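Visitor: below are the sequence and a predicted model for it; my questions follow.
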Amino acid sequence: MSIIEIKDVKKNFHNLEVLKGVSFNVEKGEVVSIIGPSGGGKSTLLRCLNCLETYDSGSIKVIGEDLKEIKDMNSFRQKVGMVFQQFNLFANMNVLNNCIFAQTKALKRNKDEAKKIALENLQKVGMEKFINAYPNTLSGGQKQRVAIARAISMNPEILLFDEPTSALDPEMVEEVLNVIRSLVNKGLTMIIVSHEIDFVRDISDKIIFMDDGIVAESGSPKEIFTNPKNERTKVFLRKVIRN
Amino acid sequence: MINCFKMFSMDSRLLEIFLNSFTRILIPGLLVTIPLTIVAFFLAMIIAVVVAIIRFANIKILKDICRFYVWIIRGTPLLVQLFFAYYGLPKLGITWTSPFICAVLVFAFNEGAYASETIRGSLNSVSEGQIEAGYCVGMSYLQIMWRIVLPQALRAAFPSLMNGLIGMVKDTSLASNITVTEMFFVTRTIVTTTYEPLLLYLEVALIYLLFSSILSKVQTVIEKKLNAQVGK
Amino acid sequence: MSLNKCLEIFLKYWPSFLLGIKTTLFVSLIGTIIGLLIGLLVGGLRAINVDDNSSKLKKFLKKIFNLISTLYIEIFRGTPMMVQAVFIYYLVYTNIIPWDKVVAAIFVISINTGAYMSEIVRSGIQAVDVGQKEASRALGVSNIDTMLHVILPQAIKNAFPAIGNEFIVNIKDSSVLMIISITELMFQSNSIAGTTYRFSETYFVTACIYLLMTSIASFILHKIEKSLSHTTTSLPQSDTNFSSISLAKEENS
């Protein structure tokens, strides 16, 4: 059984159809990247996976649970981490407390254990020196690294990345990508929406190309990048690779 | 608690008092409260614009006087200002021909101070570039102020100024303390003859509510129009 | 009017003035605090959005609450506090319990401030960016914990200037409570002016005392505001050195 099963998912925003029947599966431990032009429904789909958005029809099963029938939303979301484009760090908490807060409130870990886990993960992302800093004193890249530490401190089974480098200055993109790279091969299932074409080619097991609310093409990075079959994929890749 | 319900269950006497006093309260509302508010608010706007421009343009000495004025007014209760003006000033040789005029002036100077701060804030929000652009096409400082900066500032300040107006309608009730025969004064007089304070205070509260609700409705309508004009 | 006469009156009647100052400060401080609590409750509940997948009962309750709270806010913001004071005082006094005037005054000023605070708190909450709420929800933190630990602390910090301003407004506006003859500063001044017949001097002293109280209060609030702002002022900083400097500052403070 796949860890994520998406079947014919459709969604309208008012009169705009953003998802027009999307289907694909993700296996446990896979790294899947979703690419495609802006406005193609990538982020919306990703946000559906942890119920930040609802969908109109079709079905999504995540870790064996049908999203329309979830009883305990909080304990479900604890298993599905998310890293946002705008970081969304808690502005009223320092770096350490950003990583501890949800562990103690949602997972009910005790404070010492939560602190230990937070410190371990902050070390992984190279932010252990900044534990007392408040988010507004950090650069974008630093904020995003803390946000990743915050997400993995919950020991999620799935980690969703919603354009994690789109809001960053160019010189900070690499430090964040390196952190994401270091998470691969840890058995963590990751779904990444990104415009960093070289990066996703390197790390992904599977690429999903979404355009205009449908999955136009999917396959291994090699298939997609060296031999795209769909006309729209070709056009898109030509544009981004030329840049 | 049972008494409480008894009070509101209208027997014919209470109903009669309610209906009789309704016009007795509403008429001073229309003839005193509203004119008092309108005249005082109009004067307040003139004071506010002048004070705001003096402080915005950084005119020496005058600027400090204006700052002092705003500080005094905003730091003391309106009620103290009314009492000082009505009971205190005559001892200093300034006599009032009627409490109404005294109230108008106190309200005007009071609201003028608050509104000047609002307008000053919106003057600052008009971009510097527009003033420079005005100079570049050969306009004088006063022309730029009058034709470019002030219209935009007043539009930005409109919601706060309107709130000031609504606040003033309520504050006119304080003038009852210096014997201005506005709504609350008349209500208190009726209370002393009928001994029905609850009914009458409720009634006057409803009329105040009516006035302020109408004004906030007007405010919303005008704001929508203003926003439509600038295409927000 | 001479300053000498003013001083004379102040020196002769200072115990009366002092009682007035005490009552005024007591009533306005307690009124502001209770008003803030009312505001947190009402404003907090008003800021909660019911989304499409909430139950029918939740939507219904929210509608009822919105209706009642809107009425409360509009009525107390739309009528003069002086009228509220006499009405509420007599209502309780004649129908429920002959209550203490100071209690009545605190009740009136609290419920009046609460109406204003509700709107202040609500807009403070709405100013906190939605992303943080989403992040908290995405981490599986409950709605209540998100509200208490993420949203409200920031909302209160955002709204602090407006909340503090309510206190200053209350110092001044509590003067209208003289109508139910509690011994606040305005009432005391009227009695003094009534006995001395020195209206201009007495009210001048009164004005000075109010001015002193509001100026000191605004000075203190300004200080608190400044000390609060260290985590909210967003300085765009991209270089690491700068960050470690401000980090050091954090640790010292």
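Guide: Yep, that arrived.

Visitor: check contacts around residue C:140.
Guide: A:73, A:74, A:75, A:76, A:77, A:78, A:79, A:102, A:106, A:107, A:154 (Cβ atoms under 8 Å, 6 or more residues apart in numbering or on different chains). (Glycine included, C-beta is placed from N, CA and C.)

Visitor: what do you get for residue B:194?
Guide: With contacts defined as Cβ under 8 Å, 6+ apart, residue B:194 is in contact with B:17, B:21, B:200.

Visitor: reformat those into CSV and put distance to residue A:239 and neighbour count next to each item.
Guide: Converted to CSV, these look like this (distance: Cβ to Cβ, whole Å; neighbours: other Cβ atoms under 10 Å in any protein chain shown):
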residue, distance to residue A:239, neighbour count
B:17, 81, 19
B:21, 78, 20
B:200, 76, 25
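
Visitor: is the residue in chain C positioned nearest to chain B in a helix, a strand, or coil?
Guide: Nearest residue of chain C to chain B (Cβ to the nearest Cβ) works out as residue C:200 at 3.4 Å. Put simply, residue C:200 is helix when judged by DSSP: H, G, I helix; E, B strand; the rest coil.

Visitor: that one touches residue B:93, doesn't it?
Guide: No - at 10.1 Å, residue C:200 and residue B:93 do not qualify as touching, with contact defined as Cβ atoms under 8 Å.

Visitor: quick one: which of the two has more around it?
Guide: Using other Cβ atoms under 10 Å in any protein chain shown as the criterion, residue C:200 and residue B:93 rank with residue C:200 on top: 22 against 7.

Visitor: check contacts around the more buried one.
Guide: Residues in contact with residue C:200, defined by Cβ under 8 Å, 6+ apart, are B:84, B:87, B:88, B:89, B:91, B:92, C:1.

Visitor: chain A: which of the residues you listed is nearest?
Guide: Of all the contacts of residue C:200, residue B:84 has the smallest distance to chain A: 45.1 Å, by Cβ to the nearest Cβ.

Visitor: so the closest one touches residue C:208, yeah?
Guide: No - if you go by Cβ under 8 Å, residue B:84 and residue C:208 don't touch, sitting 10.9 Å apart.

Visitor: of these two, which one has the most company?
Guide: When neighbours are counted by other Cβ under 10 Å, residue B:84 and residue C:208 differ, and residue B:84 comes out ahead with 22 against 16.

Visitor: give the contact list for the more buried one.
Guide: Applying Cβ under 8 Å, 6+ apart, the residues contacting residue B:84 are C:199, C:200, C:203, C:204, C:206, C:207.

Visitor: can you verify my assumption that the fourth one contacts residue B:85?
Guide: No - applying Cβ under 8 Å as the test, residue C:204 and residue B:85 come out as separate, 11.5 Å apart.

Visitor: how far out from the middle of the chain is stretch A:186-195?
Guide: Stretch A:186-195 sits 6 Å away from the centroid of its parent chain (Cα atoms, centre = their mean, to the nearest Å).

Visitor: oh, that last question was meant for stretch B:20-38, not what I typed.
Guide: The answer for stretch B:20-38 is 16 Å, by Cα atoms, centre = their mean.

Visitor: start to end distance for that stretch?
Guide: 27 Å (Cα to Cα, to the nearest Å).

Visitor: from chain A, how far out is residue C:2?
Guide: Separation of residue C:2 from chain A (Cβ to the nearest Cβ, to the nearest Å): 54 Å.

Visitor: what about chain A, any weak spots by pLDDT?
Guide: Low-confidence segments of chain A (pLDDT under 70): A:242-243.

Visitor: what about the helices in it?
Guide: Taking DSSP state H to define them, one finds helices in chain A at A:42-49, A:73-78, A:95-105, A:111-124, A:140-152, A:170-183, A:197-203, A:221-226, A:231-242.

Visitor: can you check chain B too?
Guide: Taking DSSP H as the test, the helices found in chain B are B:2-8, B:12-28, B:34-57, B:62-75, B:78-83, B:99-125, B:128-136, B:141-143, B:150-171, B:183-194, B:197-230.

Visitor: how about the contacts of residue B:194 in a markdown table, adding distance to chain A?
Guide: Formatted as a markdown table, the contacts of residue B:194 follow (distance: Cβ to the nearest Cβ, whole Å):
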| residue | distance to chain A |
| --- | --- |
| B:17 | 55 |
| B:21 | 53 |
| B:200 | 49 |
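
Visitor: closest one of the residues you listed to residue A:221?
Guide: Of all the contacts of residue B:194, residue A:221 sits closest to residue B:200, with 81.9 Å by Cβ to Cβ.

Visitor: surely the closest one touches residue B:192?
Guide: No - using Cβ under 8 Å, residue B:200 makes no contact with residue B:192, being 10.2 Å away.

Visitor: related to what we said a few turns ago, pLDDT at the residue of chain C closest to chain B, what is it?
Guide: Per-residue pLDDT puts residue C:200 at 90.

Visitor: chain neighbours aside, what residue packs nearest to it?
Guide: Excluding the flanking residues, the one nearest residue C:200 by Cβ to Cβ, 6 or more residues apart in numbering or on different chains is residue B:88, at 3.4 Å.

Visitor: residue closest to the middle of chain B?
Guide: For chain B, residue B:168 is the residue whose C-alpha lies nearest the centre (Cα atoms, centre = their mean; 2.8 Å).
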